[in-house]
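In: Show me the folded form of this:
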Amino acid sequence: MYIDPGLTSRRILIVTDAWRPQINGVVRTLESLAGQLRQWGHEVSFLTPEPFWTVPVPTYPEIRLSLASRRAVFLTMARSRAHHIHIATEGPLGLLARRYCLERGKAFTTSFHTRFPEYAAARLPVPEEWSYGYLRWFHDPAIRTMVPTPSLREELRGHGFSHLSLWGRGVDGVRFHPGEKTMFTDLPGPHLLYVGRISAEKNVAAFLALDVPGTKIVVGDGPDRVHLERLHPRVHFIGYLHGEALAAAYRSADVFVFPSRTDTFGNVLTEALASGTPVAAYPVTGPRDVVTDPRAGSLSEDLGAAVRRSLMLERSHARALGEQFTWAASAKQFISGLTPATVRQHSLAQVG
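Out: Got it, this is the predicted structure:
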């Protein structure tokens with residue numbers, strides 16, 4: 001069995017409030033990371049909401065928050081005998097895991113996956129800076145906070161975050177690959193594809209409102225789906241796809257349109273590129289860190305112009321860029337950022 005030379009076989013505990021049956025980039029990232037680390041001989045365990053009672057998040061019933069007790073979380077973490085503790089999310093489990101580490105003086109790392117301040121502000125009258133204040137408090141005791149892109153690192157520094165390190169993302173280049181168009185052949189072309197959650201923060205409405213030729217296709221679901229289906233009856237809403245069906249959708253599209261302005265990375269971008277599908281997106285954090293070759297996609301504040309330009313690009317360049325993102329490289333960055341969960345000289349009065 002191969003053991004990664006950067007770290008002898010270790011026990012790694014990852015705490016996450018985001019887990020199956022949720023379908024999102026956080027869950028896919030953690031599952032892919034664990035698969036790679038286990039290939040290298042590391043023991044990876046997860047503390048997730050699965051064993052606990054949960055309640056749905058208002059307006060997001062597909063996202064459920066754990067009602068785990070302090071005792072249950074502390075006992076699970078103690079029994080893991082982890083060499084490294086990584087807290088991936090800032091929800092109820094993340095809070096209890098943070099408390100465990102601080103009370104026992106154990107070092108830990110965290111990661112920043114989701115722009116909750118922007119998401120909350122889109123639906124609730126909560127100033128973004130209040131939410132960022134909570135997130136700074138949450139991440140401050142961590143030895144490192146891992147972020148997916150250089151652009152996001154600079155943004156978070158501007159919000160007062162410190163000890164930030166990069167942890168990029170990969171893509172399954174075997175599952176997502178170029179090939180024959182097997183879907184959408186009965187629809188007028190070109191075929192413009194969006195994959196992801198259908199919700200306000202994803203800005204799907206901007207894609208659907210574009211005055212561009214062809215057929216718009218939406219893969220995914222979410223709280224805004226019913227409303228947007230009524231507004232755009234000519235758009236094809238497919239719902240969630242998985243496995244080979246999802247891969248076929250990517251490679252059958254002529255352009256992948258990514259209208260979000262709030263994603264921290266955008267795993268769907270690398271999946272589209274690996275499938276040989278050029279990307280059209282806004283020039284914001286996430287797309288500008290991923291779509292770094294203008295031959296593979298187009299970034300513009302005029303999203304319609306970006307779509308029209310991407311339709312003229314060669315698919316081979318998209319695939320070549322997608323091949324640069326691997327889970328092996330991602331996992332190496334992750335393990336290089338870990339810290340031993342040894343007792344350290346911090347008190348709750350100092351950091352909690």
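In: in this protein, which ranges drop under the pLDDT threshold?
Out: Applying pLDDT under 70 to the chain picks out residues 1-7, 59-61, 116-125, 343-352.
In: longest strand of it?
Out: strand 60-66 (DSSP state E).
In: how far off strand 60-66 does whatever helix or strand comes next after that strand point, in degrees?
Out: Under the assignment DSSP states H and E, the closest C-terminal helix or strand after strand 60-66 is helix 70-80. Angle of helix 70-80 versus strand 60-66, following axes from the mean of the first three to the mean of the last three CA atoms, to 10 degrees, is 70 degrees.
In: gap between Leu156 and Arg136?
Out: 9 Å (CB to CB, to the nearest Å). The C-beta positions use only the backbone N, C-alpha and C, and glycine is treated the same way.
In: picking up where we left off before, check the offset of the longest strand of the chain from the chain's centre.
Out: 17 Å (CA atoms, centre = their mean, to the nearest Å).
In: outside of that strand, which residues touch it?
Out: Under the contact criterion CB atoms under 8 Å, 6 or more residues apart in numbering, strand 60-66 has outside partners 17-18, 21-23, 49, 52-57, 91-93, 199, 221-223.
In: These in strands, which ones?
Out: Checked against DSSP E, the contacts of strand 60-66 include these in strands: Thr54, Val55, Pro56, Val57.
In: and the first one, how many neighbours does it have?
Out: Counted with other CB atoms under 10 Å, residues neighbouring Thr54 total 16.
In: And for Arg175?
Out: Arg175: 14 neighbours (other CB under 10 Å).
In: close enough to count as contact, it and Ala248?
Out: No - using CB atoms under 8 Å, Arg175 is not in contact with Ala248, being 10.5 Å away.
In: Can I get the buried part of the ones in strands among the contacts of strand 60-66 as one ChimeraX selection?
Out: To isolate the buried members of those in ChimeraX, using 16 or more other CB atoms under 10 Å:
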select :54
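In: What about the contacts of strand 60-66, which are in helices?
Out: Secondary structure from DSSP state H places Pro92, Leu93 of the contacts of strand 60-66 in helices.
In: Filter the contacts of strand 60-66 down to the buried ones and hand me the PyMOL line.
Out: Selection of buried members from the contacts of strand 60-66 for PyMOL, criterion 16+ other CB under 10 Å:
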select buried, resi 17+18+22+49+52+54+91+92+93+199+221+222
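In: okay, now the domains of this structure?
Out: 11-170+329-351, 191-325 (automatic domain parsing).
In: Just name the most buried of those.
Out: domain 191-325 (a mean of 20; mean count of other CB atoms under 10 Å).
In: That one spans what distance, first to last residue?
Out: End-to-end span of domain 191-325 (CA to CA, to the nearest Å): 25 Å.
In: And it, how far out from the chain middle?
Out: Its chain's C-alpha centre and that of domain 191-325 lie 15 Å apart, by CA atoms, centre = their mean.
In: Can you tell me the closest non-neighbouring residue to Phe184?
Out: His191 (4.5 Å; CB to CB, 6 or more residues apart in numbering).
In: next one: Arg261
Out: Arg261's closest residue in space is Val284 (CB to CB, 6+ apart), at 5.0 Å.
In: Ok, Ile23 next?
Out: Leaving out its chain neighbours, the residue that sits closest to Ile23 by CB to CB, 6+ apart is Tyr240, at 6.1 Å.
In: Over to Leu231?
Out: Leu208 (7.3 Å).
In: ok, now Ala18?
Out: Val26 (4.1 Å).
In: For that neighbour, give me its contacts.
Out: Thr16, Ala18, Ala88, Thr89, His113, Thr114.
In: In which helix or strand does it reside?
Out: Val26 belongs to helix 25-39 when assigned by DSSP H and E.
In: Tell me which helix or strand comes right after that helix.
Out: Assigned by DSSP H and E, the successor of helix 25-39 is strand 43-47.
In: Parallel or antiparallel, list what pairs with that next one.
Out: If you go by DSSP bridges, strand 43-47 pairs up with strand 11-15 (parallel).
In: got a list of contacts for the partner strand?
Out: So strand 11-15 is contacted by 30, 34, 37, 42-47, 77, 80-89, 93-94, 97, 338 (CB under 8 Å, 6+ apart).
In: secondary structure class for the residue nearest to Arg261?
Out: coil (DSSP: H, G, I helix; E, B strand; the rest coil).
In: Can you pull the phi/psi pair for it?
Out: Main-chain torsions, Val284, degrees, to the nearest 10: phi -130, psi 170.
In: I figured it hits Phe258, correct?
Out: No - with contacts counted by CB under 8 Å, Val284 stays clear of Phe258, the gap being 9.7 Å.
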